[in-house]
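Undergrad: Build me a model:
(one chain, ligands or ions: 3)
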Amino acid sequence: MRVGCPKEIKNNEFRVGLTPGSVREYVAHGHEVIVETNAGLGIDADDGVYQAAGAKIVASARDVFDQSDMIVKVKEPQPSEWAMLREDQILYTYLHLAPDPEQTKGLVESGCTAVAYETVTDDHGGLPLLAPMSEVAGRLSIQAGATALEKVNGGRGVMLGGVPGVLPGKVTIIGGGVVGLNAAKMAAGLGAEVTMLDRSIPRLRQLDDIFNGRVRTRYSTIEALEHEVFSADLTIGAVLVAGAAAPKLVTREMLSGMKKGSVIVDVAIDQGGCFETSHATTHSEPTFEVDGVIHYCVANMPGAVPVTSTHALNNATLHYGLQLADKGLKAIAEDRHLRAGLNVHRGRITNKPVAEALGYELAEADTVLKVA
Ligand SMILES: NC(=O)C1=CN([C@@H]2O[C@H](COP(=O)(O)OP(=O)(O)OC[C@H]3O[C@@H](n4cnc5c(N)ncnc54)[C@H](O)[C@@H]3O)[C@@H](O)[C@H]2O)C=CC1
Ligand SMILES: CC(=O)C(=O)O
Ligand SMILES: [Mg+2]
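TA: Residues are numbered from 1 along each chain as shown. Ligands and ions are numbered 1, 2, ... in the order given. Here you go, the predicted model:
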């Protein structure tokens, strides 16, 4: 198969779909790999490094899309990209379709087969291709939140760790999955007072075991949420219902109960965000203020640390990428975890939460894939 990797074009996105190491693996499987010039500059890999790994370098994204059977990316395709996709092409990348009707329409109209990293599953009930970026974003969320809390950045001027004789800042984390766990590790490491909320009691038990009393856990009711968010200096939004738009757990009305200059980092923004007042921001303008509360809502947080993120992402995406390249649609038909990743196929929506969120008729992945 011809496997193509264009340069990412989202605002301040420096990751790349394939590392040179991944290129070598595809080539070792007998595939041709086509990489756009300068695609890897954000991870210190120039065209020569990709060529040494066996890639062919082409001058433009158009060349990559024209010459490839499968496109491997990081972020959801932008309008100029979905216009280049074709019916016989596989797209393998993050999509986050539920809150994004325009992109969904673009992919449906292209006729391509789109596999979303964030809905591929594993045997343990996890999302293995989302997890590495959730680890990165969870850890970054505390760095971003601590910076936004500085007075010069509009925050209330609290240092999360405190100092001897002065109480630490308070961090509330809504959602104790991969993002939440990694945020809690960083916040606790800085010396902050940390509370995590979740709706899953088994997960709260696990978190309690992991932190052994260093972090408080609380079942997430409206009352508990209000109490923990109103008293927080920094609140992290980290909930997920796989594939679906994030539930709006913190309403605009609730902002009036929060401390002036407190900060929210809505990591769940890529699924629409779990604060009613959130809207996606970019690394060039990451924050805005509503009712005295600073909002940080960058939808591609890991793009800020592309070296770490690209390698972590490739570690997770390579296995299924090779399956797709080796077997094409048959790989999706044969593997239920890859089938869970299928969101769009030849103009049909095959992911239930996406179909429900955007009013499309659901086409079941197993029936729509007529593979001999
Ligand atoms: N902005 C960015 O750059 C990035 C955003 N993300 C996003 O972060 C979000 C979280 O991802 P993960 O931690 O990997 O998901 P996860 O599935 O590991 O964890 C989500 C947690 O939310 C909990 N939850 C669901 N509904 C809840 C509710 N109503 N109240 C309280 N808890 C609830 C679940 O029980 C689960 O423990 C996702 O939307 C993901 O796409 C991930 C990476 C980068
Ligand atoms: C998961 C995601 O949206 C990201 O890594 O940018
Ligand atoms: Mg989007």
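Undergrad: interface residues of this protein facing ligand 1?
TA: 118, 130, 133-134, 137, 174-180, 197-200, 203, 220, 238-241, 246-247, 249, 267-271, 299-302 (CB under 6 Å from any ligand atom). To be clear about C-beta, it is placed using only N, CA and C from the backbone, and glycine gets the same treatment.
Undergrad: In contact with residue 350, which residues?
TA: Residue 350 makes contact with 342, 343, 344, 362, 363, 364, 365, 368 under the criterion CB atoms under 8 Å, 6 or more residues apart in numbering.
Undergrad: still on that earlier bit, pull out the buried members of the residues of the chain next to ligand 1.
TA: 118, 130, 133-134, 137, 174-180, 197-199, 203, 220, 238-240, 246, 249, 267-271, 299-302 (16 or more other CB atoms under 10 Å).
Undergrad: In helices, which of the residues you listed appear?
TA: Counted as lying in helices by DSSP state H, out of those, are 133, 134, 137, 178, 179, 180, 203.
Undergrad: which ones are touching the first one?
TA: If I follow you right, that is residue 133. 94, 302, 309, 312, 313.
Undergrad: 10 Å instead?
TA: 15, 74, 94, 117-118, 178-179, 270, 300-303, 309, 312-313, 316 (CB atoms under 10 Å, 6 or more residues apart in numbering).
Undergrad: how close does it get to ligand 2?
TA: Noted for residue 133: a distance of 3 Å to ligand 2, by CB to the nearest ligand atom, to the nearest Å.
Undergrad: Same check on the last one?
TA: Using CB to the nearest ligand atom, residue 203 is found at 20 Å from ligand 2.
Undergrad: Kindly report the same for residue 215.
TA: Taken as CB to the nearest ligand atom, the span from residue 215 to ligand 2 is 24 Å.
Undergrad: Need the per-residue pLDDT for that residue.
TA: Residue 215 is assigned a pLDDT of 98 by the prediction.
Undergrad: wait, isn't it in contact with residue 208?
TA: Yes: here residue 215 reaches residue 208: they are 8.2 Å apart, a contact under CB atoms under 10 Å.
Undergrad: Pull up the overlap in contacts between the two.
TA: In contact with both residue 215 and residue 208: 176, 196, using CB under 10 Å, 6+ apart.
Undergrad: okay, those two: which has more neighbours?
TA: The neighbour comparison of residue 215 against residue 208 (other CB atoms under 10 Å) goes to residue 215, with 23 against 15.
Undergrad: Please identify the helix or strand for the closest residue to the more buried one other than its chain neighbours.
TA: Of all residues not flanking residue 215 in the chain, residue 194 sits nearest, at 4.5 Å (CB to CB, 6 or more residues apart in numbering). Here residue 194 sits within strand 193-198, counting by DSSP states H and E.
Undergrad: Provide the strand pairings for that strand, with the direction of each partner.
TA: With DSSP bridges as the criterion, the sheet partners recorded for strand 193-198 are strand 170-174 (parallel), strand 216-219 (parallel).
Undergrad: What are the contacting residues of the last one?
TA: Just to be clear, that refers to strand 216-219. Against strand 216-219 from outside (CB under 10 Å, 6+ apart): 172-173, 176, 184, 193-201, 203-208, 210-211, 224-225, 227-228.
Undergrad: Mind listing the residues bridging to the residue nearest to residue 215?
TA: Listed by DSSP bridges, the beta-bridge partners for residue 194 are residue 171.
Undergrad: Tell me which residues touch it, please.
TA: 142, 160, 168-173, 183-188, 211, 214-217, 232, 234, 236.
Undergrad: try it again with 8 Å
TA: Per CB under 8 Å, 6+ apart, neighbours of residue 194: 170, 171, 172, 173, 184, 187, 188, 214, 215, 216.
Undergrad: Return the member of the ones in helices among the buried ones among the residues of the chain next to ligand 1 nearest to residue 35.
TA: Each of these was scored against residue 35 by CB to CB, and residue 133 proved nearest at 21.2 Å.
Undergrad: correct me, but residue 345 touches residue 113?
TA: Yes: if you go by CB atoms under 8 Å, residue 345 and residue 113 touch, sitting 4.9 Å apart.
Undergrad: Any regions of the stretch 251-372 of the chain where pLDDT drops low?
TA: Along the stretch 251-372 of the chain, segments meeting pLDDT under 70 span 371-372.
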